[in-house]
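Trainee: Would you be able to build a 3D model of this:
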Amino acid sequence: MRAIQTNTSNKEVTEFARWLDTFISEKGLDMDTLFYVDEKFGISNVIPFTALIENIKGGSPQLQAQIKITLVKIDYVNGNVMDVFKHLAQGIKQ
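Mentor: All right, here's what the predicted structure looks like:
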């Protein structure tokens, strides 16, 4: 499993970014995961987990708060949090 790396060259690491990195690490999620998001005509876009995480970290504070709430709720009931990330990947394909 690869370590989480955050691009912090021009911005301060936020509390949410630290929380998300810790959450991913503690859950043992594979940062090499690729999400295949279907498009029209049977063509798939490939979205690396690392790119998705960077996109989430660059989102609005309101979006980050909703993502955190959702992940915590699903984790609490022992759900598959990767389903949330798959859903989010579908949202950034455009």
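Trainee: contacting residues around the helix or strand where residue 25 lies?
Mentor: Using DSSP states H and E, residue 25 sits within helix 15-27. Helix 15-27 is touched from outside by 4, 6, 31, 53, 56-57, 61, 64-65, 68, 71, 75, 81, with contacts defined as CB atoms under 8 Å, 6 or more residues apart in numbering. For the C-beta atoms, the positions are set from N, CA and C on the backbone; glycine is no exception.
Trainee: Would you quantify the distance from the residue sitting nearest the centre point of the chain to residue 78?
Mentor: Centroid-nearest residue in the chain, with CA atoms, centre = their mean: residue 53, separated by 3.9 Å. According to CB to CB, to the nearest Å, residue 53 stands 22 Å off from residue 78.
Trainee: picking that back up, what sits closest to the residue nearest to the centre of the chain if chain neighbours are left out?
Mentor: The shortest distance from residue 53 to any non-neighbouring residue, by CB to CB, 6 or more residues apart in numbering, is to residue 20 (6.8 Å).
Trainee: Next, find the distance separating residue 52 from residue 34.
Mentor: Taking CB to CB, one finds residue 52 at 10 Å from residue 34.
Trainee: Who has more neighbours out of those two?
Mentor: Set side by side, residue 52 and residue 34 show more neighbours around residue 52, with 19 against 14, by other CB atoms under 10 Å.
Trainee: Report the mean confidence score over stretch 60-75.
Mentor: Per-residue pLDDT over stretch 60-75 has a mean of 97.
Trainee: Run the chain-centre distance for it.
Mentor: Remark: stretch 60-75 is offset 11 Å from the chain centroid, using CA atoms, centre = their mean, to the nearest Å.
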